[in-house]
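Asker: here you go, sequence then predicted model.
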Amino acid sequence: MKQTIFVVTGDHPNNCTGGSEFQAYLIAKGLSNFLGRTYFCTMFSNETCIGYEDENLIHLSIRKGFLPGKVFQFLIYAKRFKPDIFYVRCLYSFWWIKLIGIILNKPVVYHLSSDNHAQYSKVKLKTLPSITLRNFYIWATQFSAIVISQTKRQADLYKKTFNISPTVVYNAQLPYNNQVIKDYSKISVLWLGKTFKNPERFTELAARMGNQNRFEFLLAGLFTENQSSYFSAMQKNATNFKYLGYLSRNEVYEELDNAHVLINTSDAEGFPNTFIEAWFRGVIVISDKIDPDNILIDNGIGFICKNTSEMELKLKELFAGDLTKAKEYSAKAKEYAFKNHNINVVSKEIFQIIQGLYQ
């Protein structure tokens, strides 16, 4: 008999920019190759409906709204399609899906999506008073069949907080081997993200290097109206800065194909999707804080620069002379991504982890 699984996340990646949602979608698609019917269930959709991604991957959407209605609709789906396992990559729904798992006698696998979720004091939930939901979260964690973390550091944080040792599985992407030959006559420095990921640090870097016409700074993402107005005004007054606004996933990939450096200025992450997308395209990552499991440094595929001054020096150093060092880092990034972040390999790894849960 074929096994079935509900892969649960916030929304469909076509409707949002969240890395966790996209990872869940890729995992669902990958697991469908091993399990047959796989159900990709989203909690914050614009409507409640059933859609078919392909023969083996079915999208179950639940309209965003009051919690009781979401729970009721999820129960209807669960009773109808009878999943053997719930795999949850959605912090806000985790605790009540665990409760449903107990009612239906089905195991729940919880996959962390941020280092913040591995620390009690930083577990932030929106639908109930925080102390109540923290207690629900801890309860659900204690009784999860398996907890999966994105990095070894995240696993250590979780172990320290909850006395549970997660299984470490790195994030992944579809393997991508582009044939684009990068043009080094103009060095493209790219920033991708959202309002809370400190884009102002990137614009500060662009301003610092305003007289370095060889470098072009490109900013893309979702921002507040005030931020967008500021970035648009900055673009008019700067020769080396472009504000791209919101980009679709395919447009992001096009920019990465031509980029030389990705700048990250986040204060907290799990394992940034943008890092992996960049590495597959030979893009060097420079980050001021985030380096999951020291991968950037240990593998020679990026740098930690604590402030914009250090970033400026690193960019000038990296792209000076004959560019041997920059091209070497670019080649290493590609090699590392193919070896460690292929979604086909990672999906199989998760399939093997959950196999013991099937009755």
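Answerer: Sure, I can see it.

Asker: pull out the buried positions in the helix or strand of the chain with the lowest mean pLDDT.
Answerer: Lowest on mean pLDDT, DSSP states H and E among the helices and strands of the chain sits helix 130-142, with a mean of 86. Residues of helix 130-142 classed as buried: 133-134, 136-137, 140-141 (neighbour count, 16 or more other CB atoms under 10 Å). For the C-beta atoms, the positions are set from N, CA and C on the backbone; glycine is no exception.

Asker: any idea of the pLDDT on the residue sitting furthest away from the middle of the chain?
Answerer: Most distant residue from the mean C-alpha position of the chain: Gly321, 35.0 Å away (CA atoms, centre = their mean). Gly321 carries a pLDDT value of 87.

Asker: now do it against Lys327, distance only.
Answerer: 11 Å (CB to CB, to the nearest Å).

Asker: cool, Glu349 as well?
Answerer: To Lys327, Glu349 is 31 Å away according to CB to CB.

Asker: do the same with Phe143
Answerer: On the measure of CB to CB, Phe143 and Lys327 end up 51 Å apart.

Asker: and if you look at Gly101?
Answerer: In terms of CB to CB, Gly101 sits 50 Å off from Lys327.

Asker: of these two, who's got more company?
Answerer: Gly101 (23 against 15; other CB atoms under 10 Å).

Asker: buried stuff in the strand or helix carrying the more buried one?
Answerer: Using DSSP states H and E, Gly101 maps to helix 91-104. By neighbour count with 16+ other CB under 10 Å, helix 91-104 contains the buried residues 91-101.

Asker: sec struct for Lys306, please.
Answerer: When classified by DSSP: H, G, I helix; E, B strand; the rest coil, Lys306 comes out as coil.

Asker: residue contacts, it?
Answerer: By CB atoms under 8 Å, 6 or more residues apart in numbering, Lys306 lies in contact with 288-289.

Asker: and it, what's its pLDDT?
Answerer: Lys306 carries a pLDDT value of 96.

Asker: do the same with Phe217
Answerer: 98.

Asker: could you look up the SS state of the nearest residue to it once chain neighbours are set aside?
Answerer: Distances taken as CB to CB, 6 or more residues apart in numbering put Ala206 closest to Phe217, at 3.8 Å, once the chain neighbours are dropped. When classified by three-state DSSP, Ala206 comes out as helix.

Asker: what about Ala206, distance to Tyr329?
Answerer: Computed with CB to CB, the distance linking Ala206 and Tyr329 is 21 Å.

Asker: and the strands in the stretch 251-359 of the chain?
Answerer: Taking DSSP state E, counting those that start in this stretch as the criterion, the stretch 251-359 of the chain carries its strands at 261-264, 284-287, 302-304.

Asker: and Ala24, which of these is closest to it?
Answerer: Smallest distance to Ala24 across the strands of the stretch 251-359 of the chain (CB to CB): 21.6 Å, for strand 261-264.

Asker: just checking: what are the partner strands of that closest one?
Answerer: With DSSP bridges as the test, strand 261-264 is paired with strand 187-194 (parallel), strand 284-287 (parallel).

Asker: ok, which of those strands comes nearest Val252?
Answerer: Of all the strands paired with strand 261-264, it is strand 187-194 that lies closest to Val252, at 6.3 Å by CB to CB.

Asker: just how off-centre is that closest one within its chain?
Answerer: 16 Å (CA atoms, centre = their mean, to the nearest Å).

Asker: list the contacts of it.
Answerer: 17, 199, 202, 205-206, 214-223, 247, 252, 255-256, 258-266, 274, 283, 315, 319.

Asker: now stretch 237-245
Answerer: Here stretch 237-245 has contacts from 203, 206-207, 209-210, 212-213, 215-220, 228, 231-232, 234-235, 255, using CB under 8 Å, 6+ apart.

Asker: residues contacting the spatially most central residue of the chain?
Answerer: Centroid-nearest residue in the chain, with CA atoms, centre = their mean: Gly19, separated by 2.8 Å. Taking CB under 8 Å, 6+ apart, we find Gly19 in contact with 113, 171, 270, 272-274.

Asker: could you rerun that using 7 Å?
Answerer: Taking CB atoms under 7 Å, 6 or more residues apart in numbering, we find Gly19 in contact with 272-273.

Asker: start the count at 13, not 1, going forward
Answerer: Yes, from this point I'll number from 13; that puts the last item at Gly31.

Asker: where do the helices of the stretch 213-362 of the chain begin and end?
Answerer: For the stretch 213-362 of the chain, applying DSSP state H, counting those that start in this stretch gives helices covering 237-249, 261-270, 285-292, 307-310, 320-330, 336-352, 355-366.

Asker: chain center to the shortest one: distance?
Answerer: Relative to its parent chain, helix 307-310 has a centroid offset of 18 Å by CA atoms, centre = their mean.
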